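Colleague: sequence? don't have it. structure:
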């Protein structure tokens, strides 16, 4: 029985969730170089994304750019490569880095995975290894975003033979296994074979495991400033339910 003068238990700050957002940009650069770095400068500094995922870099990267406002880190082979640009005010920890996948934690709150997947024409053995590796990196205890060129267009290919299981089928299987949202976008790539130079396939993707409101699914495409034949994708990633203590320093007691 409740005491007559008892006051209801009010929530404290530690009982409340808080929200957080990150602006994420994904760019297939089709070979990173100084000229393309300069070409992207105005777009990146105008938008000031927290993180930029660079795919198909074809070069190893570890440098600061834009007068120290971003750090770019990544590794590659001769025909692949993925890197990440991180804004100077974002705390990060890289947890995995290969020529096709880079995984990092931001502010000890969320996981961001940047990727450049094998094409449909790549040997099936290599594709299986890639998708299995990506699967192992997906956390179940943190908000997650995956961005990059997943080479997973749902549209039909023209005059090309797909080896093994189509990448889009693998992508949907991955999304179903981990309850990921594949954010809707129009085609993001213009084929060099295209006579009318119109985008034909949706190769670049953004996926999240966060609960999304209708306003949280909008991905912006920028063709005007794109450094290659892929559109620049920009997404405001809203996380609505981060625990009060998540990502905050804990008290330490020393004897």
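Modeller: Received, thanks. All values derive from a computational prediction rather than experimental measurement. Numbering: from 1, shown residues only.

Colleague: so where's the stretch 101-250 of the chain uncertain?
Modeller: For the stretch 101-250 of the chain, applying pLDDT under 70 flags the ranges 157-160, 243-250.

Colleague: tell me where it has strands.
Modeller: Per DSSP state E, counting those that start in this stretch, the stretch 101-250 of the chain carries strands over the ranges 101-106, 110-116, 144-149, 181-182, 204-208, 219-222, 232-243.

Colleague: now those in JSON lines, with mean neighbour count and distance to residue 189?
Modeller: Using the backbone N, CA and C atoms, a C-beta is placed for each residue, glycine as well. Compiled in JSON lines, these are given as follows (neighbours: other C-beta atoms under 10 Å; distance: least, C-beta to C-beta, whole Å):
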{"stretch": "strand 101-106", "mean neighbour count": "22", "distance to residue 189": "20"}
{"stretch": "strand 110-116", "mean neighbour count": "24", "distance to residue 189": "13"}
{"stretch": "strand 144-149", "mean neighbour count": "26", "distance to residue 189": "8"}
{"stretch": "strand 181-182", "mean neighbour count": "18", "distance to residue 189": "16"}
{"stretch": "strand 204-208", "mean neighbour count": "24", "distance to residue 189": "7"}
{"stretch": "strand 219-222", "mean neighbour count": "16", "distance to residue 189": "11"}
{"stretch": "strand 232-243", "mean neighbour count": "19", "distance to residue 189": "11"}
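
Colleague: of all those, which lies closest to residue 76?
Modeller: Smallest distance to residue 76 across these (C-beta to C-beta): 8.7 Å, for strand 110-116.

Colleague: quote the end-to-end distance of stretch 70-79.
Modeller: Stretch 70-79 stretches 25 Å from its first residue to its last (C-alpha to C-alpha, to the nearest Å).

Colleague: buried ones in it?
Modeller: Applying a neighbour-count criterion of 16 or more other C-beta atoms under 10 Å, one finds 70, 71, 72, 73, 74, 75, 76 buried in stretch 70-79.

Colleague: same check on stretch 89-108?
Modeller: Residues of stretch 89-108 classed as buried by neighbour count (16+ other C-beta under 10 Å): 90, 92, 97-107.

Colleague: circling back to that earlier point, out of the buried residues of stretch 70-79, which sit inside strands?
Modeller: By the criterion of DSSP state E, membership of the buried residues of stretch 70-79 in strands covers 70, 71, 72, 73, 74, 75.

Colleague: for the first one, what are its contacts?
Modeller: Meaning residue 70. For residue 70, the set of contacting residues under the criterion of C-beta atoms under 8 Å, 6 or more residues apart in numbering consists of 44, 52, 64, 85, 86, 87, 88.

Colleague: cool, thanks, signing off.
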